[in-house]
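Engineer: After the sequence you'll find the predicted model.
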Amino acid sequence: MAVLYLDTSALVKIYFREDGTEAIRRLAHPDAGHRLAILSLSRVEFRAAVRRRARLGDIDARLADEVIGNFGRQLATVFQMQPVNEAVLEKAAEAIDRHGLRAYDAMQLGGCLALRATLGNEIETRFVCSGVELLDAARREGIEVINPAAQMSVEVSDLH
């Protein structure tokens with residue numbers, strides 16, 4: 001079992017068909033045996049992404065409301081929430097200094113690093129993201145990474 005820490009680019013793929021949706025849905029499926037973790041800030045980023053799709057006409061407002069409602073109901077049961085706290089903020093600030101990340105990307109990486117520190121070495125933590133720059137920064141931090149868009153044919157057994 002691994003903890004899959006999903007940044008918002010991966011999280012959105014669970015709810016909307018994009019490159020990598022099939023892979024992330026397989027990874028997130030309960031039969032895969034993984035725990036899913038997200039940063040509490042992802043609630044805001046997720047909502048912004050859904051509302052942007054509605055404003056651009058990719059989806060209608062009613063579907064946007066439905067997706068946001070579904071996500072809200074699943075927050076407590078599907079996802080382990082990493083709160084934004086001092087440890088996350090400190091790790092995010094350090095990530096900016098080391099990797100030149102944008103603030104929200106640094107927050108996501110900081111959240112994963114803080115969660116990994118809390119869980120210790122007994123539980124494997126993987127960073128799931130579609131942003132190449134952020135994935136590279138996570139790799140340099142010694143975190144195993146998964147890019148669902150690049151692994152569209154990934155098999156769950158490949159990750160054990």
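Structural biologist: The structure has been received and is ready for your questions.

Engineer: mind listing the helices for this protein?
Structural biologist: Assigned by DSSP state H, the chain shows helices spanning 8-15, 21-28, 42-56, 61-78, 86-99, 103-119, 132-140.

Engineer: Check which helices and strands the third one is in contact with.
Structural biologist: Think helix 42-56. Judged by 3 or more C-beta pairs under 8 Å, 6 or more residues apart in numbering; DSSP states H and E, helix 42-56 is in contact with helix 8-15, helix 61-78. The C-beta positions use only the backbone N, C-alpha and C, and glycine is treated the same way.

Engineer: mind checking which of the ones you listed is nearest residue 30?
Structural biologist: Residue 30 sits nearest to helix 61-78 of all the helices and strands packed on helix 42-56, at 9.0 Å, using C-beta to C-beta.

Engineer: In the closest one, which residues have enough neighbours to count as buried?
Structural biologist: With burial defined by 16 or more other C-beta atoms under 10 Å, the residues of helix 61-78 counted as buried are 64, 67, 68, 71.

Engineer: Next: stretch 14-22.
Structural biologist: Within stretch 14-22, the residues scored as buried using 16+ other C-beta under 10 Å are 14, 15, 20, 21, 22.
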